[in-house]
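Novice: Give me a model of this one.
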Amino acid sequence: MFNMNSIGGSTYMNMVFSGVLRWTVGATVACLDHFGKNHIGRIRLHIITFGFVTLCLAINFVIFILGMNHEMEMVIRSLALLSFGVTGCLFLQSSLSISELFPTAIRSLASSHSNVVGRLGNVMSPLVFGLDYFPGLPYLILAILGVIDVILYFISIPETKGCPLPNEMPTNKNKLVLSNL
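Specialist: Sure, this is the predicted structure:
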């Protein structure tokens with residue numbers, strides 16, 4: 001997923017497909033966000049998009065475990081490109097949630113922290129594909145991290161769509177931890 005040379009087919013066509021997918025998915029998510037009003041919020045979009053990426057990774061893991069990676073190379077390629085296309089909108093969703101979630105006084109600090117952690121993830125995730133103790137291990141690791149992300153996002157991040165931007169720090173009774181339980 002993170003190395004275009006490891007995906008079957010032409011590297012150039014893979015880049016074209018991934019660019020078209022990123023634009024199409026981004027436009028679709030923007031339309032859903034705008035026209036969905038309050039029915040489709042930040043949490044639901046995050047769960048749908050990241051859940052889809054996690055599902056693609058899990059399917060690739062199963063294909064590798066079953067030893068069908070040579071027969072299903074096109075499926076692996078399609079799933080990798082689809083998950084790559086969907087991840088683009090996740091970064092936008094993250095920055096939008098951060099700007100709606102944190103008060104003005106620490107909004108830039110929270111955004112900077114998110115960028116640093118995201119960059120660390122960008123550095124570490126390709127290294128996962130160097131782990132080849134058994135076939136499909138990188139996909140399994142990333143799928144597990146995806147499930148953890150979806151669960152933690154649902155549990156700890158409140159819905160921010162349509163809410164006024166906070167201007168002050170939360171009080172002790174309005175903490176964000178475990179807000180959806």
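Novice: Just the helices from the chain, written as ranges.
Specialist: Secondary structure of the chain by DSSP state H: the helices cover 11-35, 42-65, 73-101, 107-128, 137-156.
Novice: packing partners for the last one?
Specialist: When you say that, I think you mean helix 137-156. The contact analysis (3 or more Cβ pairs under 8 Å, 6 or more residues apart in numbering; DSSP states H and E) places helix 137-156 against helix 42-65, helix 107-128. Glycine gets a C-beta too; all of them are placed from N, C-alpha and C.
Novice: related to what we said a few turns ago, want to throw the helices of the chain into CSV with mean neighbour count, mean pLDDT and distance to residue 165?
Specialist: Below are the helices of the chain laid out as CSV (neighbours: other Cβ atoms under 10 Å; pLDDT from 0 to 100; distance: least, Cβ to Cβ, whole Å):
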stretch, mean neighbour count, mean pLDDT, distance to residue 165
helix 11-35, 14, 84, 17
helix 42-65, 19, 90, 14
helix 73-101, 18, 84, 6
helix 107-128, 12, 86, 8
helix 137-156, 17, 90, 19
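Novice: To residue 163, which of the ones you listed lies closest?
Specialist: Of all the helices of the chain, the one in closest proximity to residue 163, counting by Cβ to Cβ, is helix 73-101 (6.8 Å).
Novice: Centre of the chain to the closest one, how far?
Specialist: 5 Å (Cα atoms, centre = their mean, to the nearest Å).
Novice: now the angle from that helix to helix 42-65?
Specialist: Between helix 73-101 and helix 42-65, the angle comes out at 160 degrees (axes from the mean of the first three to the mean of the last three Cα atoms, to 10 degrees).
Novice: tilt between helix 73-101 and helix 137-156?
Specialist: 30 degrees.
Novice: can you state the direction angle for helix 73-101 and helix 107-128?
Specialist: Between helix 73-101 and helix 107-128, the angle comes out at 160 degrees (the same axes, to 10 degrees).
Novice: who does helix 73-101 touch, helix- and strand-wise?
Specialist: Partner elements for helix 73-101 (3+ Cβ pairs under 8 Å, 6+ apart): helix 11-35, helix 42-65, helix 107-128.
Novice: ok, back up a step: could you export the helices and strands packed on helix 137-156 as CSV, including distance to residue 150?
Specialist: As requested, these are arranged in CSV below (distance: least, Cβ to Cβ, whole Å):
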stretch, distance to residue 150
helix 42-65, 5
helix 107-128, 15
